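Asker: Requesting a structural model of the entry that follows:
(chains A and B)
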Amino acid sequence: MPAVLEIEGLRKTYRSRRRGTRNALDGFDMRVEAGQVHGFLGPNGSGKTTTLRTLLGLIRPDGGRMAILGHEVPETLPQVAGQVGAIVESPQFFPHFTARDTLSLLASAGEVPDSRVDEVLELVGLRDRAGERVKTYSLGMKQRLAVASALLKNPRLLILDEPANGLDPGGIREMRSLMRNLAESGMTVVLSSHILGEIQLICDSVTIISLGRRVAFGPVDEVLAQHSSGGVMVRLEAVADLPAAATALTRAGVRVTTYPDHLMLAGVDKPATVTRLLAEQGLYVSELAPVAVDLESVFLELTATAPVPGQHRQVDQSVRIDGAGSSAPNGGGWGA
Amino acid sequence: MSLFRTELRRLAKRRFARWMTAAGLLVLALIVIGMFASNQKIGPEQWAAAERSAEQEYQNQVQWTDQERAACERAKAAGTDFYTNDCTEISPPPREAFESRWYLPSTFVFRESFGEMLIPLAGILALIGFVVGASFVGAEWNTGGMMNLLLWRPKRLTVLLTKLGALLTGLLALALPATVAWFGSLWLVATWRGTTEGMTSGTWQSFLITGLRGIVLALVAATVGFALASLGRHTAMALGGAIGVLVVGQVGLGILLDMAQVRFTEAWLLPTYAYAWMTKTVTLQDWRACNATYNGECRPDTLDITWQHSSALFAVAVVVLLGAAMWTMRRRDIT
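Answerer: The predicted structure is shown next:
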């Protein structure tokens, strides 16, 4: 599939006399293919918004290469901007204009027909409140307006930074189905969010960023599989057989942790080998379940941002992945 | 072109721009009403009333001097002190010292007064231009509107200059009719409450050029306000800067220069240049210097500030501030 968005070795350094030098982006790579909903994940301060701003020409990069729809940016951004809809960070609009005025002015600046304004207002559920001033809107309504403004161009690439912020549960569900529908209509969606359950539900693929570098990427299933570490939980008919089973499995090269009523195995490629191995020893399995891993646990593991009791993690305290090889731990994915 | 039209629409929709314009026009209307109310047309009735007032005043003076002379005589007879020993010195002024024209009511002579009346018009238009110019770009920056616009039109300088173009066009659309209305309304005031006599083509030309200079002053003020707010990415940058320049740079500087006994202190103050721009020349005087004339009169040193000096200052201010705003627009990250 052709890449709609390509980023290679993107670097951005902030220099300050007081705070010194900080690498917001440190050789960041990303690739998004056409027609996908792509999740862009990272802890606070990891470089997500800097990446999006740089991509959209708001921030000048210090190095690296970026391309949108085959056009190198920022050099040819004006040519491709009409095909990219984006919201970056929290929605910001002139508070004294109505939603309709806000969208109408954007449509006029972008030479989009005014009829499109009503279409997107309908799409995001603001049709009946379009005549009200934006300052009277709740955060969720502003968020809907921001999504409407991004959709106004009917873009080929839609970039949404935290679109579910402030939305009520119904709104989150609507946003989810909107993303899906847009992707099915051929639009490519890049979605930055901290609601990892949503990302897991909506996205085809993800990129995880930490301290300005990519730490994982690929289809969601693959990223999950490659970080599941082959965990399998095993129960036997007789609890008394657990030590014998542990010994047999360890001899076969499986990493075993023994619990009072079950064994936890790691590094198991095929769970069937476990049943066969134990059956050969006259040990019978009563329950065997691969341990499921979710995106949240993978995220916390990769970014080393899981909460530790008694500690107060600071922003920017995150995992450092050094070396080119280790920057892509699940190297089996696409877009290397 | 669509961006230019959009920015014009945005400017017209801005509530602050509307209120500022309405407030400015209201002040101008109040000035016209005040001029209408405080002036009268001079006719035989007014001359007759003035003659009566002059006579009345003369009679008052005669009466007063008679009383004073009598008091003087009484003091002299009693042997007490009075401010003069020669009571015959106390005499009324001659009747011709009370000219009737001094007692005429105020009248608006278009030929004499309209030139000066163009200065408040220029001042109000310049104030509207500065504040609306600053707000037009400043509010866009601090509400995120500029970022949204740049996501649609990622050509920063084009966006900034188109915004400025729309602002100046909008201001021109206000200033031109306002100036025409100012000419018209004060002409009517002169017709009904004064006189329009003595107008020549040369006078008209001079007024038109002064009116145009007023509009240019407003455009310069708008550009400076726009550039300052763009530099600071906030309306407050321009407004704070203007207040800072006025309070610290002008009042403070004026006091400091006076204390340091610097000659022609007004030459360091911006309003002098605005005034010189409108009146073509401002002559500053240094009364500390005494240039004796052949008849022993002491004349001060003078310094002429001309409209050419003002135009050079305005040009430098516009080039430097707008250049800096464009440079930062091009170079600075939008975070």
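
Asker: where along the stretch 51-200 of chain B do the strands fall?
Answerer: B:108-109, B:194-195 (DSSP state E, counting those that start in this stretch).

Asker: Present these as TSV; the columns should include distance to B:Met20 and mean neighbour count.
Answerer: Glycine gets a C-beta too; all of them are placed from N, C-alpha and C. Converted to TSV, those look like this (distance: least, Cβ to Cβ, whole Å; neighbours: other Cβ atoms under 10 Å in any protein chain shown):
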stretch	distance to B:Met20	mean neighbour count
strand B:108-109	28	20
strand B:194-195	31	20
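
Asker: what's the closest of those to B:Thr335?
Answerer: strand B:108-109 (56.5 Å; Cβ to Cβ).

Asker: helices and strands around that closest one, which ones?
Answerer: Identification of packing neighbours for strand B:108-109 by 3 or more Cβ pairs under 8 Å, 6 or more residues apart in numbering or on different chains; DSSP states H and E yields helix B:156-193, strand B:194-195.

Asker: Burial-wise, tell me which of these comes out on top.
Answerer: Highest mean neighbour count of these: strand B:194-195, a mean of 20 (counted as mean count of other Cβ atoms under 10 Å in any protein chain shown).

Asker: Quick check: the gap between the residue in the stretch 151-300 of chain A that chain B sits nearest to and A:Arg180.
Answerer: With Cβ to the nearest Cβ, the shortest gap between the stretch 151-300 of chain A and chain B falls at A:Lys153, namely 7.7 Å. Here the criterion is Cβ to Cβ, to the nearest Å. By it, A:Lys153 lies 20 Å from A:Arg180.

Asker: More neighbours: which of these two?
Answerer: A:Lys153 (23 against 14; other Cβ atoms under 10 Å in any protein chain shown).

Asker: so the more buried one, which of the three states?
Answerer: coil (DSSP: H, G, I helix; E, B strand; the rest coil).

Asker: For it, list the residues it contacts.
Answerer: By Cβ atoms under 8 Å, 6 or more residues apart in numbering or on different chains, the contact set of A:Lys153 is A:82-85, A:110, A:112, B:152.

Asker: Need the worst-confidence member of those residues.
Answerer: By pLDDT, A:Gly110 ranks lowest within these, coming in at 87.

Asker: My read is that that residue contacts A:Gly82, right?
Answerer: Yes - using Cβ atoms under 8 Å, A:Gly110 is in contact with A:Gly82, at 6.6 Å.

Asker: helix, strand or coil for B:Leu208?
Answerer: Applying three-state DSSP: B:Leu208 is helix.

Asker: what sits against B:Ala274?
Answerer: Here B:Ala274 is in contact with B:122-123, B:126, B:217, B:310 (Cβ under 8 Å, 6+ apart).

Asker: farthest pair in the contacts of A:Lys153?
Answerer: Farthest pair in the contacts of A:Lys153, by Cβ to Cβ: A:Val84 and A:Val112, 13.3 Å.

Asker: Which of those two has more residues huddled nearby?
Answerer: A count of neighbours by other Cβ under 10 Å puts A:Val84 above the other of A:Val84 and A:Val112, at 28 against 20.

Asker: Would you confirm that that one contacts A:Leu151?
Answerer: No - counting by Cβ under 8 Å, A:Val84 sits too far from A:Leu151 to count as a contact (11.6 Å).

Asker: Mutual contacts of the two, please.
Answerer: With Cβ under 8 Å, 6+ apart as the test, A:Val84 and A:Leu151 both reach A:Leu158.

Asker: quick one: buried residues of the lowest-mean-pLDDT helix or strand in chain A?
Answerer: Ranking every helix and strand in chain A by mean pLDDT, DSSP states H and E puts helix A:295-303 at the bottom, with a mean of 74. Buried residues in helix A:295-303, defined by neighbour count with 16 or more other Cβ atoms under 10 Å in any protein chain shown: A:295-296, A:298-299, A:301-303.

Asker: Please apply the same query to stretch B:119-126.
Answerer: B:119, B:121-126.

Asker: again with stretch A:151-171
Answerer: A:151-167, A:171.

Asker: just stretch A:4-18 next, same as before
Answerer: A:4-7, A:10-12, A:14.

Asker: cool, stretch A:194-210 as well?
Answerer: So for stretch A:194-210, counting by 16+ other Cβ under 10 Å, buried means A:194-196, A:198-200, A:202-210.

Asker: can you give me the strands for chain A?
Answerer: Counting by DSSP state E, chain A has these strands, from start to end: A:3-16, A:20-33, A:37-41, A:63-68, A:71-73, A:84-87, A:157-161, A:188-192, A:205-210, A:213-219, A:232-236, A:255-258, A:263-266, A:285-290.

Asker: could those strands be laid out in a markdown table, adding distance to A:Ser104?
Answerer: Below are the strands of chain A laid out as a markdown table (distance: least, Cβ to Cβ, whole Å):
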| stretch | distance to A:Ser104 |
| --- | --- |
| strand A:3-16 | 28 |
| strand A:20-33 | 31 |
| strand A:37-41 | 29 |
| strand A:63-68 | 26 |
| strand A:71-73 | 27 |
| strand A:84-87 | 16 |
| strand A:157-161 | 20 |
| strand A:188-192 | 25 |
| strand A:205-210 | 35 |
| strand A:213-219 | 39 |
| strand A:232-236 | 58 |
| strand A:255-258 | 62 |
| strand A:263-266 | 58 |
| strand A:285-290 | 54 |
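
Asker: Would you check how far apart B:Leu157 and chain A are?
Answerer: 12 Å (Cβ to the nearest Cβ, to the nearest Å).

Asker: Settle this for me: that residue is touching B:Met329, isn't it.
Answerer: Yes - in this structure, B:Leu157 is within contact of B:Met329 by Cβ under 8 Å, at 6.3 Å.

Asker: For chain A, what is the nearest residue in the stretch 101-250 of chain B?
Answerer: Nearest to chain A in the stretch 101-250 of chain B, going by Cβ to the nearest Cβ, is B:Gly144, at a distance of 2.4 Å.

Asker: since we're on that residue, how many residues are nearby?
Answerer: Neighbours around B:Gly144, by other Cβ under 10 Å: 18.

Asker: residues touching it, list them.
Answerer: A:91-93.

Asker: same check, this time on B:Leu186
Answerer: So B:Leu186 contacts B:32, B:35, B:108, B:110, B:114, B:117 (Cβ under 8 Å, 6+ apart).

Asker: any chance of those in CSV, with distance to B:Gln250 and pLDDT too?
Answerer: Below are the contacts of B:Leu186 laid out as CSV (distance: Cβ to Cβ, whole Å; pLDDT from 0 to 100):
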residue, distance to B:Gln250, pLDDT
B:Val32, 29, 96
B:Met35, 29, 95
B:Phe108, 32, 94
B:Phe110, 33, 95
B:Phe114, 28, 95
B:Met117, 24, 95
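
Asker: which one is A:Ser90 nearest to, not counting chain neighbours?
Answerer: What sits nearest to A:Ser90 in space, not counting adjacent residues and going by Cβ to Cβ, 6 or more residues apart in numbering or on different chains, is A:Asn165, at 6.8 Å.

Asker: Could you tell me which residues make contact with that neighbour?
Answerer: By Cβ under 8 Å, 6+ apart, the neighbours of A:Asn165 are A:90, A:139, A:143.

Asker: So which of these wins on neighbours?
Answerer: Result: A:Gln143 is most packed of the contacts of A:Asn165 (other Cβ under 10 Å), 24 neighbours.
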